[in-house]
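> starting from these lines, generate the structure:
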Amino acid sequence: MMKCIPRPVSHWCLSLLQVLSVLGCVGCATTSSTTTSRGPGGNVSWPGRRDITEVTNLGSMDGGAALAASVVIREVIQSLGPRSELFARCPSPAEALDVRVSKWRGLYYVTVDERFDRCGGSRNRIPGWFESYAVSPSGVVLSRRTVP
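Down below sits the predicted model:
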C-alpha cells in the first residue's frame, strides 16, 4: 500500500532536491580555487569558484559542429591571409570572426561573419561580407557558397 506524502513536505523535498542539484553541479564545474597547470603553451590558470561570474558560457554544440566550425574558420583565415592587414589589431585572426553552425540532412552549414569590433575599430571592414560552407560530419569542406 502506498502512503501519501503531505503536500508541504513533498514541496519542501522537491525544493531541497533542486538546491542540492544546483550546488552539486557548481561544485563539479569549478574547483575550490584557481589552479595553474603547465601545458605546451605555458602556464594556464583555470577559473575557480570566485571567478564564476567572469566565466562566459558559449553554449554547447555537438563535436561534429565544433569540427565543422574549426575547419571553416581555418579556411577563411587562409583565404584572407593570416597576416592580413585586416587582422593587424587582433590577438588572433579567429577573434575577428563569428561563426554560426546549422545542421541539415546530415551536413553542417557554417556561416562566418566579421567581428572586427573585438579587435578595436568598427565591426565591419568589408561591407556585406560573409562566407558560407557545407561541411561533412568528418570535417571535409564540400562546398563554398558565394554571394551573388
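> okay, CA-based contacts and neighbour counts for the rest of this
OK.
> where does the prediction get shaky in the chain?
The chain contains residues with pLDDT under 70 at 1-39, 41, 122-128, 146-148.
> how about the helices in it?
Secondary structure of the chain (DSSP state H): helices located at 7-29, 63-80.
> could you find the closest non-adjacent residue to residue 100?
In this structure, residue 100 finds its nearest non-sequential neighbour in residue 111, 5.2 Å apart by C-alpha to C-alpha, 6 or more residues apart in numbering.
> what is residue 44 paired to in the beta sheet?
residue 37 (DSSP bridges).
> check contacts around residue 71.
By C-alpha atoms under 8 Å, 6 or more residues apart in numbering, the contact list for residue 71 reads 139-141.
> switch to 10 Å and redo it
Residue 71 makes contacts with 65, 110, 133, 135, 139-141, as judged by C-alpha atoms under 10 Å, 6 or more residues apart in numbering.
> narrow those to those in strands?
Using DSSP state E, the subset of the contacts of residue 71 located in strands is 110, 133, 135, 141.
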